[in-house]
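> The following block contains a protein sequence and its predicted model.
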Amino acid sequence: MTPPRAAPHAPIQHYENFPVASWLCPPRLRPPIAAIYHFARTADDIADEGTAPAAQRLADLAAYRADLAAVAAGRAPSPRWLPVFTPLAAQMQAFRLPEPPLADLLSAFEQDVRKTRAGATYADWPELLDYCRRSANPVGRLLLHLYGVTGEQALAESDHVCTALQLINFWQDLSVDIPRGRYYLPLAECAAQGIAITDPDLDFTALHQYQDATNLIAACARHARASMQKGSEIVRRVPGRAGWELRAVVQGGLRVLGQVEALGATALRQRPALRKRDALPVFWRMLLM
């Protein structure tokens, strides 16, 4: 689901851990899920891909946000991202998709742009979890809306699962994000594990040299696992095949998390990923849920 751009460019290839609108998803929900995914993927590319300066990225995201507000109000979007907003508008109308979760996603992408610079770190867990609240949790809430699941307990469980998946993605991508200036390891947790990182001496690239780096990775992994456990009952609240897809997402995430834990400090230099050999263990754990 590669987005259009203002100028010609080579297609962007995205690695996805988990299925999006797969055959397990009810056929009638595949169009709105695809529209939501395309919306988020395009905004993420505006924030991350290419060589545009930060000011241009933020201006583009502001224009993107204006198009979202337009279609939410029943007006036509600008011609710039019609392949995104034409299907999104149709699905927002057909399924009464709410605008605020989509706007929250844009807020997180804007934060990504502002945080990509030396010293742009997350001070503690509350600050990082606030980012997850806007970058991940809205997707779960939109999906629950489509599935007709509206209870407060279900929404809270979905938030825990989505936050866990976002954290797992952070710990999986440490070796990719750190060289790009993305520092998701909370400074307070680093300090708690005996690793003092202070500006202007920021050097996350050297963390693997610290003896306590494995303890740091383990502590971060425990936080993600605890969040997943708090929300795991959501798989029983989503009906039919969609519930099985959610089990696959949960167990796929936990499988990656186990790989991160096994790597320890090496996760700072090596990115774990799901392989074909992981399919059977993931499937077995889906059944056990």
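That came through, no problem.

> From now on I want contacts and neighbour counts done on CA atoms only, so please keep to that.
OK.

> Apart from its neighbours in sequence, what residue is nearest Asp67?
Using CA to CA, 6 or more residues apart in numbering and skipping residues adjacent in sequence, the residue nearest Asp67 is Pro77, 4.8 Å away.

> Equivalent analysis for Ala273, please.
Nearest non-adjacent residue to Ala273, counting by CA to CA, 6+ apart: Val256, 6.4 Å away.

> buried sites along the helix or strand encompassing that neighbour?
Taking DSSP states H and E as the definition, Val256 sits inside helix 240-263. Buried residues in helix 240-263, defined by neighbour count with 16 or more other CA atoms under 10 Å: 242-257, 259-261, 263.

> and what of stretch 280-289?
282, 285-286.

> what's the pLDDT at Ala164?
pLDDT recorded at Ala164 is 97.

> Chain neighbours aside, what residue packs nearest to it?
Ranked by CA to CA, 6+ apart and with sequence neighbours excluded, the top spatial neighbour of Ala164 is Ala224, at 4.7 Å.

> ok, the one you found - contacts?
Counting by CA atoms under 8 Å, 6 or more residues apart in numbering, Ala224 makes contact with 163-165, 167-168.

> what would these look like in TSV with secondary structure, distance to Ala191 and neighbour count?
As requested, these are arranged in TSV below (DSSP: H, G, I helix; E, B strand; the rest coil; distance: CA to CA, whole Å; neighbours: other CA atoms under 10 Å):
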residue	secondary structure	distance to Ala191	neighbour count
Thr163	helix	23	27
Ala164	helix	22	30
Leu165	helix	24	26
Leu167	helix	19	27
Ile168	helix	21	24
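
> which one of those residues sits closest to Ala62?
Here the nearest of these to Ala62, counting by CA to CA, is Thr163; it sits at 25.2 Å.

> Can you report phi and psi for the closest residue in space to the closest one that isn't next to it in sequence?
Excluding the flanking residues, the one nearest Thr163 by CA to CA, 6+ apart is Cys132, at 5.5 Å. Recorded main-chain torsions at Cys132 are phi -60, psi -40, according to degrees, to the nearest 10.

> Equivalent analysis for Leu185, please.
phi -70, psi 120.

> That one against Ala120, yeah?
No: the criterion here is CA atoms under 8 Å, and Leu185 misses it with Ala120 at 11.2 Å.

> Thanks again, I'm all set now.
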